[in-house]
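S.K.: here is my input, please return the structure:
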Amino acid sequence: MTVTTGSPVYGGYALARPEGMGVLFVRWALPGEVVSVRLVERKREYAFAEAVEVLSPSPRRVDPPCEVFGKCGGCQLQHADYPYQLEMKREILQEAFRRIGKREVAPETAPPMEPFGYRYRGRFRVDGERVGFHGERSHRLVPVSHCPLMLDAINAVLPGLRRLHRFAKASEVQVASDGIRASAFFPGVPFGKGMVEHLAGGTGGVLSGARFENRSWGKERITLPLDGISYSVSPRGFFQANWRMNQAMVRRIGSILGESAGARLLDLYAGAGNFALPLATKVREVVAVEGEALSFRELSRNVRENALGNVRIVRSSVESFRPKGRFDALVLDPPRAGLSERALARVRETSAGKIFYVSCNPSTLARDVRSMSDRYDLSLLEMHDFFPNTHHVEALAILTLR
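M.R.: Residues are numbered from 1 along each chain as shown. Here you go, the predicted structure:
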């Protein structure tokens, strides 16, 4: 069928309303286009489709630079010029607060950075000599020789990964880089001398370490600068893929927090210390709470290596943590599902004067902000584009205790 698309929708879709069909979410189309579509999935009140021919293109449409765009499941927006990607994501964030948060708010857009070559880590699928990513809406492997989102150091590792099957059976490889060298994690793969020799020579010396299932080789960890802090992580741990935007986010929160020599800061979902470590230089004490074992070990190591005596770490889930004393500020960076009811109760117990809520899901952010609206005012909402050319929307909400 032929449809005319309307507003952008989270997930990389454009909305259409064909007569007699209800809501149609169209992939690979931009708002305001006339496209011929193929139905992919149909529900009672809505359906999903893919554009197969653009009959009347948007003036914001561009030719995607990646040869596997539309096949690989990594990117959804390469067919839109980058300023328009920012506009669409800002509109999606605004609509989430209108529809779920039940309020009109005009999000600001943080200064963007380069839309390509920004990823400091990547997870690759391996099948024999093929290395790549899952296909769009499938588990089919789409081979890639170069991903335009990755740092050059990560792309330099790919040729060596295509010959791994000679030494071990690997189905997944996680690669992290500091911009110069790289390190990898091979889940389920035991250490082998032949494999290590191959990796050392087959990646042009870029890969200088790896973690296998039973031991490490070389320099497993990478170290990244973070607002005056040395941030050390393993490729199997979590850290923000767009490190440049992450640094800007940390600086943004730090500038709003200001120098608060007598303040106490609580960092929930602390991870390896992405916010707790750099913000510790601005306050009297930081309490960093993290429940996941690997992240907690990396948090402990980073606190120790940076000699931050005013950071107290707590191994606990947010739901089980019981805050003690008064906190002047609270940092939240929860998973995509947002705050559970018990986590929300813990946040409310703190009665922190200011909450910095970092979110990767506009819907759950809007929901949680609304849940706290009886006690907190939304003083700032910003869209930070951590993942250009993809549908992901990162946001910073600042709440002030009424």
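S.K.: for the biggest helix by length in the chain, C-alpha coordinates in PDB please.
M.R.: The single longest helix within the chain, with elements called by DSSP state H, is helix 82-99. C-alpha atoms of helix 82-99 as PDB (Å, rounded to 0.1, in the frame of the first residue of the first chain):
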ATOM      1  CA  TYR A  82      22.100  14.800  11.100                       C
ATOM      2  CA  PRO A  83      20.500  18.100  12.200                       C
ATOM      3  CA  TYR A  84      17.100  16.500  11.400                       C
ATOM      4  CA  GLN A  85      18.000  13.400  13.500                       C
ATOM      5  CA  LEU A  86      18.400  15.800  16.400                       C
ATOM      6  CA  GLU A  87      15.100  17.500  15.700                       C
ATOM      7  CA  MET A  88      13.300  14.100  15.500                       C
ATOM      8  CA  LYS A  89      14.800  12.900  18.800                       C
ATOM      9  CA  ARG A  90      13.900  16.100  20.600                       C
ATOM     10  CA  GLU A  91      10.400  15.800  19.300                       C
ATOM     11  CA  ILE A  92      10.200  12.100  20.500                       C
ATOM     12  CA  LEU A  93      11.300  13.200  24.000                       C
ATOM     13  CA  GLN A  94       8.800  16.000  24.000                       C
ATOM     14  CA  GLU A  95       6.000  13.700  23.000                       C
ATOM     15  CA  ALA A  96       6.900  11.100  25.700                       C
ATOM     16  CA  PHE A  97       6.500  13.800  28.300                       C
ATOM     17  CA  ARG A  98       3.200  15.000  26.700                       C
ATOM     18  CA  ARG A  99       1.700  11.500  26.400                       C
END
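S.K.: what sits up against the helix or strand just after that helix?
M.R.: Following helix 82-99 in sequence order, the next helix or strand is strand 108-109 (DSSP states H and E). Here strand 108-109 makes contact (CB atoms under 8 Å, 6 or more residues apart in numbering) with Leu86, Arg90, Leu380, Leu381, Glu382, Met383, Asp385. For glycine as for every other residue, the C-beta is placed from the backbone atoms N, C-alpha and C.
S.K.: ok, now stretch 142-149?
M.R.: Contacts for stretch 142-149 (CB under 8 Å, 6+ apart): 65-66, 68, 71-75, 116-119, 122, 130-135, 154-155, 158, 388-389.
S.K.: which among those residues end up buried?
M.R.: When those are checked for burial by 16 or more other CB atoms under 10 Å, the buried set is 66, 68, 71-75, 118-119, 122, 131-133, 135, 154-155, 158, 388-389.
S.K.: just those residues: which are in helices?
M.R.: Ile154, Asn155, Leu158.
S.K.: and this protein, split by domain according to the record?
M.R.: 2-61, 121-222, 242-401 (automatic domain parsing).
S.K.: in CSV, list those along with mean pLDDT.
M.R.: Below are the domains of the chain laid out as CSV (pLDDT from 0 to 100):
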stretch, mean pLDDT
domain 2-61, 95
domain 121-222, 91
domain 242-401, 96
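S.K.: can you lay out those as JSON lines showing distance to Gly101?
M.R.: Listed next are the domains of the chain as JSON lines, based on distance: least, CB to CB, whole Å:
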{"stretch": "domain 2-61", "distance to Gly101": "14"}
{"stretch": "domain 121-222", "distance to Gly101": "29"}
{"stretch": "domain 242-401", "distance to Gly101": "4"}
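S.K.: Tyr231: neighbour count?
M.R.: 25 (other CB atoms under 10 Å).
S.K.: run a quick neighbour tally on Pro323.
M.R.: 18.
S.K.: ok, it - contacts?
M.R.: Leu266, Val287, Arg346, Glu349, Thr350.
S.K.: can you pick out the most distant pair from those residues?
M.R.: Val287 and Glu349 (13.3 Å; CB to CB).
S.K.: contacts only, for the residue nearest to Pro362 when sequence neighbours are not counted.
M.R.: Closest residue to Pro362 apart from its sequence neighbours, by CB to CB, 6 or more residues apart in numbering: Ala96 at 3.7 Å. For Ala96, the contact set (CB under 8 Å, 6+ apart) comprises Tyr10, Pro362, Ser363, Leu365, Ala366.
S.K.: which ones among the residues you listed are found in helices?
M.R.: Pro362, Ser363, Leu365, Ala366.
S.K.: what's the most distant pair in those residues?
M.R.: Ser363 and Leu365 (7.2 Å).
S.K.: those two: who's more crowded?
M.R.: Using other CB under 10 Å, the more surrounded residue of Ser363 and Leu365 is Leu365, with 28 against 20.
S.K.: buried sites along the lengthiest strand in the chain?
M.R.: Determined from DSSP state E, the single longest strand within the chain is strand 46-56. For strand 46-56, the neighbour count (16+ other CB under 10 Å) marks Ala47, Phe48, Ala49, Glu50, Ala51, Val54 as buried.
S.K.: how much distance is there from it to the middle of the chain?
M.R.: Taking the mean of its C-alpha atoms, strand 46-56 sits 27 Å from the chain's own mean (CA atoms, centre = their mean, to the nearest Å).
S.K.: please could you give me each C-alpha atom of it, formatted as PDB?
M.R.: Taking Å, rounded to 0.1, in the frame of the first residue of the first chain, the C-alpha atoms of strand 46-56 are listed here in PDB:
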ATOM      1  CA  TYR A  46      -1.500  -1.200  15.200                       C
ATOM      2  CA  ALA A  47       0.900  -2.700  12.600                       C
ATOM      3  CA  PHE A  48       4.600  -2.400  11.500                       C
ATOM      4  CA  ALA A  49       5.700  -1.900   8.000                       C
ATOM      5  CA  GLU A  50       8.900  -1.200   6.000                       C
ATOM      6  CA  ALA A  51       9.200   1.400   3.200                       C
ATOM      7  CA  VAL A  52      10.100  -0.400   0.000                       C
ATOM      8  CA  GLU A  53       9.900   2.700  -2.300                       C
ATOM      9  CA  VAL A  54      10.000   6.400  -1.600                       C
ATOM     10  CA  LEU A  55       7.600   8.100  -3.900                       C
ATOM     11  CA  SER A  56       7.900  11.600  -2.500                       C
END
